[in-house]
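In: need a 3D model of the sequence below.
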Amino acid sequence: MSIECLNQALKISGLTPTKKFILVILGNYADENNSCYPSYRHLANIVGLKDTKGVQRAIKQFEEMGLLKIEHRKTNDGGNTSNRYHLTMAMGVETPAGVETKKDRVTQPSNTKDNTKEYINEDFAILWSVYPRKIGKKMANKIFCKYDEKHYKKILYGAQRFAEQNMGTDEKFIPHLSTWLNQERWMDWFETDEHGYIIKPKEIKTKNNLAG
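Out: Residues are numbered from 1 along each chain as shown. Predicted coordinates:
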């Protein structure tokens, strides 16, 4: 995993939550040379897309934005295999030219009881798209917004790891996102010192750069 690539992916603005999630996955899979080669199908499965067309369009857009370069690979017998992606977003550029830097804010419908609106920022929208159980969005948003923004990247990283761990798990056995946040379960994916402060992400014991 390239921490630099992952951090840069989280900083890119102007993408839909699904595209942002795909970019974050690529950043997470990137090796020490900032490259990875997950298949379209593998990425679609993680994101929750039924087909690979959305992944292909997203990666093509990333290439046009200058976030990555695509290396088309062949097998020894001349057949096609998964592309290798060389991520260029980790070269000191947080947001490529032409990409909107203002964070989008998505509004929920007005609450007729108190005539107020719930606001969901881009970070929570990504978290919601990542988390494997879609129940209790309003409550989860309130709990998420109580955390300092400095924790958002760690929470998103933990949610991604949790989602990968629970692929194929019956939804009824997965806690609501609000419960997961209240219990600070995202910290399960980090090493801490004797005082409880986060040191670094835990080593992932699954195969990297899965070709699906």
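
In: is residue 58 in contact with residue 21, as I believe?
Out: No - the pair residue 58 and residue 21 does not pass the contact test of Cβ atoms under 8 Å, sitting 9.2 Å apart. Glycine gets a C-beta too; all of them are placed from N, C-alpha and C.

In: quick one, helices of this protein?
Out: In the chain, the segments counted as helices under DSSP state H are 3-11, 17-29, 40-47, 53-65, 122-130, 137-146, 152-165, 177-182.

In: got the ones you listed as a markdown table, with distance to residue 197 columns?
Out: Output for these, formatted as a markdown table (distance: least, Cβ to Cβ, whole Å):
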| stretch | distance to residue 197 |
| --- | --- |
| helix 3-11 | 17 |
| helix 17-29 | 23 |
| helix 40-47 | 30 |
| helix 53-65 | 34 |
| helix 122-130 | 22 |
| helix 137-146 | 20 |
| helix 152-165 | 12 |
| helix 177-182 | 19 |
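
In: deepest-packed of these, please.
Out: helix 17-29 (a mean of 23; mean count of other Cβ atoms under 10 Å).

In: and the angle from that one to helix 53-65?
Out: 70 degrees (axes from the mean of the first three to the mean of the last three Cα atoms, to 10 degrees).

In: show residues contacting helix 17-29.
Out: 1-2, 5-10, 12, 15, 36, 38, 43, 46-47, 49, 54-55, 58-59, 61-62, 67-68, 85, 87, 89-90, 122, 125-126, 128-130, 156-157, 160, 208-210 (Cβ atoms under 8 Å, 6 or more residues apart in numbering).

In: so who does the residue nearest to residue 40 when sequence neighbours are not counted touch?
Out: Take residue 40 and drop its neighbours on the chain: the residue closest to it by Cβ to Cβ, 6 or more residues apart in numbering is residue 52, 3.7 Å away. Contacts of residue 52 were listed using Cβ under 8 Å, 6+ apart, and they are 40, 41, 43, 44.

In: for this protein, which spans come out with low pLDDT?
Out: 1-2, 90-120, 204-212 (pLDDT under 70).

In: domain ranges for it?
Out: By the assignment in automatic domain parsing, the chain contains the domains 3-87, 105-201.

In: what's the spacing between the shortest one and its chain's center?
Out: For domain 3-87, the distance from its own C-alpha centre to the chain's C-alpha centre is 11 Å (Cα atoms, centre = their mean, to the nearest Å).

In: and what of stretch 178-193?
Out: That offset, for stretch 178-193, works out to 17 Å (Cα atoms, centre = their mean).

In: then stretch 128-139?
Out: 14 Å.

In: cool, and stretch 173-193?
Out: 16 Å.

In: got the buried residues for it?
Out: 174, 175, 176, 177, 178, 179, 180, 181, 185, 186, 189, 190 (16 or more other Cβ atoms under 10 Å).

In: ends of that stretch, what's the gap?
Out: Terminal residues of stretch 173-193 are spaced 30 Å apart (Cα to Cα, to the nearest Å).

In: picking that back up, among the helices of the chain, which comes closest to residue 200?
Out: Nearest to residue 200, of all the helices of the chain, is helix 3-11, at 8.3 Å by Cβ to Cβ.
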